[in-house]
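K.L.:
The following block contains a protein sequence and its predicted model.
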Amino acid sequence: MMARTGTDIQIAICGSAGDGTIASGDIMKRAAALMGFNVIAFDVYPPEIRGFGKCISRIRISSTQAYSLKHESDILVSLNDAHAIPHVGEVRDFGAVLYDDHLVSSVPEGGHISAHIKPAQIPYGFSIRQISELATNSARSRNIVILGYMAGLFNLPREPFREIIRDKFAKKAQSVIDDNIKAFDAGVHEGQAVFKLDDVEVKRESGDDSNGSEAVMMTGNGAVVRGFMEAGIQSYFGYPITPATSIMERLAVEMPPQGGKFLQTEDEISAIAAAVGAGYTGSRAATATSGPGLALMAEMLGLGVMAEVPLVVVVSQRGGPSTGLPTKTEQSDLNLAVFGGSGDAQRIVLAPTNVEGCYRCAGMAFEIAETYQVPVILLIDLYLSNRYETVFPAEGNAFSPKPRKPLKPAKGKPYKRFELTESSVSPRALPGDAGLMHTVTGLEHNELGRPNDAIHMDMSIKRHEKLKPAVHFPGLTVSKRFGDEGPVRVGILGWGSSFGEILETMYQAQAEGIRCSAMKVVMLSPLPMESLKAFYDDCDEVLVPELNYEGQFAGLVSGALGRPVTRLNRATGTPMVVREILEEVRRLAEGEPSPLRSGNARGARS
Amino acid sequence: MGAGLHNVIIGSGSAGFGAAMTLRASDPNCRITMITMDSLPFYHRYDLPQVFRGKQDWRDLLDVPPSHYDEMGIKLRRNSCVVDVDGAKQLITLAHQENVAYDRLLVCAGGRSYVPENLTGYAGLMHGFGSFEAAMRVYRDLPKGGTAIMIGGDMIGIDLALTLLEMGYKVALITTPQTFWPHEVSADEQSHLLRALEAKGMKVYEHSRPVGVARNARRKAATCVTLEDGTEVKGNVVMSFCGLASSVEFMLGADVDIERGILVNPELRTSNDTIWAAGDVCQIWHDREKAYKFYHGWQNVRVMGELAARNMSGTHEIFDVDVENRIGVDKQGEISSTFWIH
Amino acid sequence: MNERVKPVYLEEKLEEIRADGHQEYRSKSLPTWCPGCGYFSMAEGLTVALNRLEIPFKDVVTVSGIGCASRFPFFVSTYGFHTLHGRVLPVATGVKIGNDDLTVIAVGGDGDAFAIGGGHIPHAARRNVDMTYLVFDNGIYGLTKGQTSPTSALGFKTSSTPYENGDVPLNPLMMLLSYGASWVGQAYAGHPHHLADMITQAISHRGFSFLRILSPCVTFDKTNNTYANLNVNVRDLPEDHDTSDLMAAMAQAQHNDHPALGVYFEHDRATLGQVMGATSKRAGGD
């Protein structure tokens, strides 16, 4: 049983747009990474572009790697009481609430956050605005003052903060940097004089997850970009869509200096069409989109599968269906990613569970696509795309493409692009190769690539069999089991970002004495059937929590295994709640008949 | 009964806490808000010497768990300083610029530690003992076997002193007229009591009054008290225990009569119909003596709070203004005081 | 140049080519086009053009959509990509970007190009992707057995417009000229030598070349765009036509009833590949 020792605290900074809330959270997380902690951070932005909408920056700092944000925070900082008041309940008992004890103008009863702090929480009121004004002649540095106060109160090393502040404002005038440092130091002075009444502990130890390289703070989208760049991406075609847009924007900046070809196309169909065209020539080509875009791309994906063209498609899921909830997270495009497109068009789908996974899967995606000559879908979600985590990058050239040995034409024999081989993977010629000209098509075709209906069964076998070895692709984690080994009472099966909450649930269940194990499945197509069967056989009960209404992964797994599972579905637009998963685990452990148990593979649509 | 009325209690000491619980028991529907400058929920101040007996987690000191306030529907406003009460508009103004309207108000704001006039300039250098935080500061600044210098004494200080002596610390007591506050003792009684204290190991300085407080170059707080006759009493911390001065400044606009404390009738109501007062902050009219008197001590304070609360709900109970106030030494040399009964 | 040409037969042509000693561009697949289809001339024309320009067929990719015209890649021995209905231009763009050394020929019919594929044309044209777009315009959907297309004439009766077509047809030349294509030309399957010439010029132009090839569907259009009608209606562009004058080209493009053959407009400007190269320099140089 694993105990969570060491530091594990979560800070929530809440303010209005214009208070510097997000900047403050940015400094906090980068300083924490610099101190050697593992960090997960996620910011919530207001939907409007302008105005004074609510911003929340949440940062979880831990000694060992965490897999999600916690449902409860240990510290809440209010830069704007009206926005922060609804979140006071998020702070745990004996955690801290920091706020300004000096308002600019009078408010009626309940207008100040101190009216809402619960008896078990510790209030820390101090004159944030006045301290900022005294230090810098302006109230604008309030967001820096609170960082200093926290450093003083929780006895955090000061220098990492100062370093990040200097770096963050490096492009501004020296006076700006100086003012921010002054504001920080003034906050420290105030915070260290306060008597600490909460029980939030920050121990000064660094994590031991590193492999010698230095941690880098990345979002999921940033990690995808980094993985692509290290894998030598050569062409990228994109169309803006929330929440994948920043992948396109980052590649637009990073590819041209390396000679990479970047193009913003007129729509998603042309984006994937161009990726198919470029992939056909042997270029490492990719595109990124979200659910609605993937729906448009379905036909082209089928062409990629039929013509056996390698390419990579990143899909960051958001609330659906249709235009859905563009700024909320969900996991409801699994069916589309795995099955979307006409006919039996199986492709490889990878669904990492954290930012590090995004980086590694993106780094290996091209190699996988080229090995199996098939489109690879990298299925992530808004939560992963936008949250920050510390990642330890791979060594050197781990993802660089290996040099290609060009094919030589066989004398007298016409070249068979779709030759039926033992591995079902055919030797592939590229345009420009002498003597190996051929046509690829979306029509069913024979080994030569010529239209042919009679061979349909054999070609279907080929296209499906060739993918089966992908579950053993070297260096790729296709599934992983955590927790108790051998037979367990309750097994939790999950995928994507909700696995973070699943893992937290497993640890809590174990702490309560339940024999519990959790398994993440990263390769959704083809499925790692051996591992799934072995896991299923070990568990008395299998729970599949996921962030969609119809239980898409449960349906996939239950159908593949031919066995029933218990579903836990949520479509809230926000990450799953550990407490809710835990309640279900407890009920299963007790042996109570669960109303959620279903043997129907199609689930909620029946 | 006041269904939906807003009852506000200023102060979360023994009087205020007792009042809140009593109000809730007598009226399940009214709104109750406690306002305090403190950062923690209610705990008994007489438990503070426990920090020297290993009780250093404030959660162990609480009288009821924090969840109890939610269960009772009592809103606990901490870190909140009242700067004004408008008795006519029935409006309280808090320092952070929030206004709270009340239907009935009970003031149990207690008192601040009184510092003799000639030493007020040194107040900042001395350690307090009025809260958990202050007690922990004393604990941290007092090394093992170190010396605590007490100016005055008073029943709060002497209570602490007895614990310190038991736990192996040293105590130096410099007497002032408040040495056995709130008891008024004769010179003989005083001498008797001081001998009993010395028997317990306390070092008593009774022949000269304190005139100055100093710190050594390295420390931020005071470590030495100078007496009129030139004696320097040296130690690790200096504390002033000279009784309490009622906290009444914020009541000046409340349209209530105030002397040294808030004046109340034996029903503990002030001259304003909707305002009551209880505990160390108030003076109660003693009809026979024709004077307003203070009533201190853990038990008195609690009784006052609960009585005032019942009267706020409509009863007309009278506080026993003849309650006795005694201090003595028994055959074993143990000091007893009605102040310490709880 | 109003020559009348008899329908093309496969074996004869193969003989001709072997005799010439040219590379065999024609693959061994028999075309699925109907005898007399105008598309045979296209296969001819491309054959001749690539030969003249001495482009090795290993460096040529023919990309097509869906339709009769889109069967084209199977019948030439270059690399070929038979893609999806309406998507030939973005795929071809991807091919060219993937490997700039390739000569990319995009092929499609009028339905593939102007109905479902219409949205992609402006972007390939304005970006000046260095490729050649050959659109075989027969004013009908032949593969699916005869429905109206965006270039079908008003009043045309087909299986989808039994009560006559009421939609005003598109003017493809106007479209491409407005979209900024840097080479726009028109040819006719009934004039195969001229056609071969046009294809040669289109391929050798560096930039996005659009060649509209008027071509009868002998099976499903017996009334409108027949050889007989077109032979009479086509004409040449005026002798003094200035191919660098966009307005003049547009004026000529108005006459859909009497289509003029020849190069309407040509203009040299940076191709997408060159722009990308310049971007890389700018980005790396900073």
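P.N.:
On my side now, so go ahead.
K.L.:
Name the residues of the stretch 51-200 of chain C found near chain A, please.
P.N.:
Residues of the stretch 51-200 of chain C lying near chain A by C-beta under 8 Å from any C-beta of the partner chain: C:56-59, C:61-63, C:73-74, C:77-84, C:87, C:89-99, C:101-102, C:119-120, C:122-123. (C-beta placed from N, C-alpha, C; glycine too.)
K.L.:
Provide a list of residues in contact with whatever residue of the stretch 251-400 of chain A ends up closest to chain C.
P.N.:
Nearest to chain C, among the residues of the stretch 251-400 of chain A, is residue A:277, at 2.5 Å (C-beta to the nearest C-beta). By C-beta atoms under 8 Å, 6 or more residues apart in numbering or on different chains, the contact set of residue A:277 is C:63, C:81, C:90-98.
K.L.:
Can you pull out the low-pLDDT segments for the stretch 401-550 of chain A?
P.N.:
Applying pLDDT under 70 to the stretch 401-550 of chain A flags no residue at all.
K.L.:
Spell out, range by range, the helices that occur in it.
P.N.:
In the stretch 401-550 of chain A, the helices defined using DSSP state H, counting those that start in this stretch lie at A:456-465, A:498-511, A:529-538.
K.L.:
before we move on, what about the stretch 151-300 of chain B?
P.N.:
Remark: helices assigned in the stretch 151-300 of chain B by DSSP H, counting those that start in this stretch are B:154-166, B:187-199, B:298-312.
K.L.:
what sits against residue 271?
P.N.:
As the question left the chain open, I've gone with chain A. A:237-239, A:265, A:287, A:289, A:293, A:297, C:90.
K.L.:
actually it's chain B I care about, not the one you picked
P.N.:
By C-beta under 8 Å, 6+ apart, residue B:271 lies in contact with B:255-257, B:263.
K.L.:
For stretch C:246-257, list the C-alpha coordinates in PDB.
P.N.:
Extracted C-alpha coordinates of stretch C:246-257, given in PDB (Å, rounded to 0.1, in the frame of the first residue of the first chain):
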ATOM      1  CA  LEU C 246      -6.400  40.600 -66.000                       C
ATOM      2  CA  MET C 247      -9.400  42.700 -67.100                       C
ATOM      3  CA  ALA C 248      -9.000  41.700 -70.700                       C
ATOM      4  CA  ALA C 249      -8.900  38.100 -69.600                       C
ATOM      5  CA  MET C 250     -12.000  38.500 -67.600                       C
ATOM      6  CA  ALA C 251     -13.700  40.200 -70.500                       C
ATOM      7  CA  GLN C 252     -12.900  37.300 -72.700                       C
ATOM      8  CA  ALA C 253     -14.100  34.900 -70.000                       C
ATOM      9  CA  GLN C 254     -17.600  36.300 -70.200                       C
ATOM     10  CA  HIS C 255     -18.300  34.500 -73.500                       C
ATOM     11  CA  ASN C 256     -19.300  31.100 -72.300                       C
ATOM     12  CA  ASP C 257     -21.500  30.400 -75.300                       C
END
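K.L.:
Now it: buried residues?
P.N.:
Neighbour-count burial for stretch C:246-257 flags C:246, C:248-250, C:252-253 (criterion: 16 or more other C-beta atoms under 10 Å in any protein chain shown).
K.L.:
any idea which of the residues you listed is closest to chain B?
P.N.:
Of all those, residue C:246 has the smallest distance to chain B: 69.9 Å, by C-beta to the nearest C-beta.
K.L.:
My read is that the closest one contacts residue C:177, right?
P.N.:
Yes - using C-beta atoms under 8 Å, residue C:246 is in contact with residue C:177, at 6.4 Å.
K.L.:
who touches both of these two?
P.N.:
Common neighbours of residue C:246 and residue C:177, using C-beta under 8 Å, 6+ apart, are residue C:265.
K.L.:
For whichever residue of the stretch 501-606 of chain A sits closest to chain B, which non-adjacent residue is closest in space?
P.N.:
Going by C-beta to the nearest C-beta, chain B is nearest to residue A:579 of the stretch 501-606 of chain A, at 17.4 Å. Spatial nearest neighbour of residue A:579, excluding adjacent residues (C-beta to C-beta, 6 or more residues apart in numbering or on different chains): residue A:71 at 6.5 Å.
K.L.:
can you tell me which residues contact the one you found?
P.N.:
Contacts for residue A:71 (C-beta under 8 Å, 6+ apart) come out as A:90, A:577-579.
K.L.:
Give the helix, strand or coil label for it.
P.N.:
With DSSP: H, G, I helix; E, B strand; the rest coil as the basis, residue A:71 sits in coil.
K.L.:
distance of it from chain C?
P.N.:
Residue A:71 sits 43 Å away from chain C, going by C-beta to the nearest C-beta, to the nearest Å.
K.L.:
returning to what we had before: let me know the helix or strand that the residue of the stretch 501-606 of chain A closest to chain B is in.
P.N.:
Residue A:579 belongs to helix A:578-590 when assigned by DSSP states H and E.
K.L.:
Most neighbours of all the contacts of residue A:271, which one?
P.N.:
residue C:90 (34 neighbours; other C-beta atoms under 10 Å in any protein chain shown).
K.L.:
So for the helix or strand containing that residue, mean pLDDT?
P.N.:
Per DSSP H and E: residue C:90 is located in helix C:88-98. Regarding helix C:88-98, the rounded mean pLDDT is 98.
K.L.:
after it, next one along is what?
P.N.:
Next helix or strand after helix C:88-98 toward the C-terminus (DSSP H and E): strand C:103-109.
K.L.:
contacting residues around that following strand?
P.N.:
So strand C:103-109 is in contact with C:42, C:46, C:55, C:59-65, C:67-70, C:72-73, C:78, C:88-89, C:92, C:95-96, C:117, C:129-138, C:141-142, C:149, C:203, going by C-beta under 8 Å, 6+ apart.
K.L.:
Inside helices: which ones of those?
P.N.:
Here DSSP state H is the test, and the contacts of strand C:103-109 give C:42, C:46, C:88-89, C:92, C:95-96, C:203 as lying in helices.
K.L.:
Could you export the buried residues of stretch C:246-257 as JSON lines, including secondary structure and distance to residue A:372?
P.N.:
Below are these laid out as JSON lines (DSSP: H, G, I helix; E, B strand; the rest coil; distance: C-beta to C-beta, whole Å):
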{"residue": "C:246", "secondary structure": "helix", "distance to residue A:372": "49"}
{"residue": "C:248", "secondary structure": "helix", "distance to residue A:372": "54"}
{"residue": "C:249", "secondary structure": "helix", "distance to residue A:372": "49"}
{"residue": "C:250", "secondary structure": "helix", "distance to residue A:372": "50"}
{"residue": "C:252", "secondary structure": "helix", "distance to residue A:372": "52"}
{"residue": "C:253", "secondary structure": "helix", "distance to residue A:372": "48"}
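K.L.:
what's around residue A:51, how many residues?
P.N.:
Residue A:51 has 10 nearby residues by other C-beta under 10 Å.
K.L.:
Backbone torsions only: list them for the residue nearest to it when sequence neighbours are not counted.
P.N.:
Distance criterion C-beta to C-beta, 6+ apart; nearest residue to residue A:51, sequence neighbours excluded, is residue A:17 at 6.5 Å. Backbone geometry at residue A:17, expressed as degrees, to the nearest 10, gives phi -60, psi 130.
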